[in-house]
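> I would like the atomic coordinates for the input below:
(2 chains)
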There are 2 protein chains.
Amino acid sequence: MIPNQPIGASELIITDKGCIYHLDVHPDEIAPTIITVGDPGRVATVSKYFDRIETKKAHREFVTHTGYIGNKRLSVVSTGIGPDNIDITLNELDALVNIDFNTRLAKEEHTSLEIVRMGTSGALQADIPVDTLVVSTFGIGLDNLLHYYNYEENAEVSFIRNAFVQHTALENAAIKPYMAEASIHLVNKFPAREGYVHGITVTCPGFYAPQGRQLRLAPAFPNLIDALSGFTSGQHRITNFEMETSAIYGLGKLLGHQCLSISTIVANRQNKTFSNDGAASVENLIKTSLELLVQ
Amino acid sequence: MIPNQPIGASELIITDKGCIYHLDVHPDEIAPTIITVGDPGRVATVSKYFDRIETKKAHREFVTHTGYIGNKRLSVVSTGIGPDNIDITLNELDALVNIDFNTRLAKEEHTSLEIVRMGTSGALQADIPVDTLVVSTFGIGLDNLLHYYNYEENAEVSFIRNAFVQHTALENAAIKPYMAEASIHLVNKFPAREGYVHGITVTCPGFYAPQGRQLRLAPAFPNLIDALSGFTSGQHRITNFEMETSAIYGLGKLLGHQCLSISTIVANRQNKTFSNDGAASVENLIKTSLELLVQ
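I've put the predicted structure just below:
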């Protein structure tokens, strides 16, 4: 859908310097391949592998470095935590390439970005040890971001999501999960023979009760983790959960981008084990996955 | 509810230095009065009014400064954007004062924190000009965070929320709003005679479609802003929307803290007007509200 009139100043907010509002990035400063990380401090952990850095920008939790590995131009962008931050990041990355900032009209030629999340995650299966690299074939959203868009699942996704809702007994709950798939093109770049485990990832809109944790407050769904671990649909099972994948996959699909989420497992919630060195685990994720991505 | 066994290492994550996981703050480093801001860069904008700063910590989007204004000890903490970040911040602030990090048991004596959000917001009423200071009497959550907790509204709140769901025609939607109230004690510190406008604040789980904005994607609820602006229940109306208030009020109530959200209006979504100087607007919010808070 291409709007036929300029997008208003209250919708598309462009700064005095011609940058998009939250990311504070100019259309010239973003590459067609984008790595997202949650932690602003992790952007430099990725960009240190770049042969050359062109630009560095930082605003709030959104840090962006753009540069090259060989001839491939890449950006690494920190999104901050959670689906609401993904709403900001995905819409603004898309605007940078698919909206003309002078006319405020969608460009006639669509640019499809490659967007690869490299993040941390908790495993939900006993056979996935800490420090494993997991590729999310699908994202199931326990947040509600995609309900604000005219999002429609395809038949396969709808079938799996309905089975998931039944299995987790959420039919009558106030939580209404949605589901979206990864880019198959990108999934295939990170195959099992390279050590990547494939599976469904669940996205949670918080870290404590939404991930079944209890400090002083009991979660409303105390059996959530076991319900997630026990779910299967055909050959699909839930490997892990984290806080951004479903939103990246859902918005990415609506906006016509190729998206993938790769996680390194820092905790196994079934075995109650933790990575001995989370920083090394993240470093391995980045180094290994960057090599396959730029091939 | 006081757990009668130590909270596990996978639930309450304490770093090698004895700090809570995401905030990276030690129990000694947090004051009983806490100001929250969204933007990590805004923490220093608050703490520059402190007479003395004791500690500065920073991890991801969570920056914490603790110090004094006169004899009053205060902390200012950046939460990052959105309800999922509030899940992390509120649970971890509570853990710092109400859980013994040595025994991993809830303390027998409960400490109630004062938590005051100072943020930016969009007005939803034509008669609330930009740069107005708005005190949120209630937060209506269009996110779904509180559904993961055993949260129950009181009768007044339930009545208003039901009227809101009817008015906005959300009865059969996948969005299930929840609602919570401010601390009356704190609301009364920021009265109309000091220039504060009081009203209901709506919390959105995103910045684009969840706030009725359209770039390339149409929102699923295109009439959302008008529906919010047109809602009244008794003397209550919706003054503004933003991205954290409902989660702070809901979790704060469950955890037994006194919470308030104050916003400076940087945009009026009815008049399509914007603050000429957002930074000055934020500065005025902080200076004016700090004075009343420490009185």
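
> CA only for contacts and neighbour counts going forward, please
Fine.

> and the stretch 101-250 of chain A, which residues reach chain B?
A:106, A:143-145, A:147-150, A:174-176, A:205-210, A:213-221 (CA under 8 Å from any CA of the partner chain).

> which residues of chain A score low on pLDDT?
A:1-3 (pLDDT under 70).

> separation between the residue nearest in space to the middle of it and chain B?
Chain A has A:Thr245 as the residue nearest its centroid, 3.6 Å off, counting by CA atoms, centre = their mean. With distances taken as CA to the nearest CA, to the nearest Å, A:Thr245 is found 14 Å from chain B.

> and that residue, what is it in contact with?
Contacts of A:Thr245 were listed using CA atoms under 8 Å, 6 or more residues apart in numbering or on different chains, and they are A:Arg117, A:Ser136, A:Gly139, A:Gly141, A:Thr201, A:Val202, A:Thr203, A:Ser261.

> so how far is A:Ala95 from it?
Distance, A:Thr245 to A:Ala95, by CA to CA, to the nearest Å: 20 Å.

> try A:Asp16
Using CA to CA, we find A:Asp16 at a distance of 16 Å from A:Ala95.

> can you pull the phi/psi pair for the closest residue to A:Gln270 other than its chain neighbours?
Excluding the flanking residues, the one nearest A:Gln270 by CA to CA, 6 or more residues apart in numbering or on different chains is A:Ala126, at 5.5 Å. A:Ala126 adopts backbone torsions of phi -60, psi -30, taken as degrees, to the nearest 10.

> tell me where chain A has helices.
For chain A, the helices defined by DSSP state H occupy A:43-47, A:83-98, A:155-167, A:184-187, A:224-229, A:245-255, A:278-294.

> just those helices: most buried one?
Looking across the helices of chain A with neighbours counted as mean count of other CA atoms under 10 Å in any protein chain shown, the highest average goes to helix A:245-255: a mean of 26.

> ok and that one relative to helix A:83-98, angle-wise?
Counting by axes from the mean of the first three to the mean of the last three CA atoms, to 10 degrees, helix A:245-255 lies at 30 degrees to helix A:83-98.

> off-centre distance for helix A:245-255?
The chain centroid and the centroid of helix A:245-255 are separated by 8 Å under CA atoms, centre = their mean, to the nearest Å.

> quick one on the thing from earlier: out of the helices of chain A, which comes closest to B:Ser289?
Evaluated with CA to CA, the helices of chain A place helix A:83-98 nearest to B:Ser289, the distance being 27.4 Å.

> helices and strands around the closest one, which ones?
Here helix A:83-98 touches helix A:245-255, helix B:83-98, going by 3 or more CA pairs under 8 Å, 6 or more residues apart in numbering or on different chains; DSSP states H and E.

> wait, which of the ones you listed is closest to A:Lys56?
The minimum distance between A:Lys56 and the helices and strands packed on helix A:83-98 falls on helix A:245-255, with 22.9 Å, by CA to CA.

> got the domain ranges for chain A?
Following the assignment in automatic domain parsing, chain A carries domains at A:1-111, A:117-295.

> chain A: strands as residue ranges?
Remark: strands assigned in chain A by DSSP state E are A:33-37, A:52-59, A:62-69, A:72-78, A:99-100, A:105-106, A:114-123, A:133-141, A:178-181, A:196-203, A:232-233, A:236-242, A:258-268, A:273-274.

> for those strands, give me CSV that also has mean neighbour count and distance to A:Asp84.
Shown next, in CSV, are these (neighbours: other CA atoms under 10 Å in any protein chain shown; distance: least, CA to CA, whole Å):
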stretch, mean neighbour count, distance to A:Asp84
strand A:33-37, 24, 15
strand A:52-59, 15, 16
strand A:62-69, 23, 13
strand A:72-78, 25, 13
strand A:99-100, 20, 21
strand A:105-106, 21, 23
strand A:114-123, 25, 15
strand A:133-141, 28, 12
strand A:178-181, 27, 15
strand A:196-203, 23, 12
strand A:232-233, 14, 28
strand A:236-242, 24, 14
strand A:258-268, 26, 17
strand A:273-274, 18, 27
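
> on that earlier part again, distance of the residue nearest to the centre of chain A from A:His185?
Per CA to CA, A:Thr245 is found 17 Å from A:His185.

> please name the residues that touch the closest residue to A:Leu133 other than its chain neighbours.
Nearest residue to A:Leu133 in three dimensions, chain neighbours excluded: A:Thr264, at 4.6 Å (CA to CA, 6+ apart). When contacts are counted by CA under 8 Å, 6+ apart, A:Thr264 touches A:Met118, A:Gly119, A:Thr120, A:Ser121, A:Val130, A:Asp131, A:Thr132, A:Leu133, A:Val134, A:Ser281, A:Val282, A:Leu285.

> specify the beta-bridge partners of A:Thr264.
Taking DSSP bridges as the rule, A:Thr264 bridges to A:Thr120, A:Leu133.

> neighbours of A:Lys48, how many?
Counted with other CA atoms under 10 Å in any protein chain shown, the neighbours of A:Lys48 add up to 11.

> same check, this time on A:Asn4
Neighbourhood size, A:Asn4 [other CA under 10 Å]: 9.
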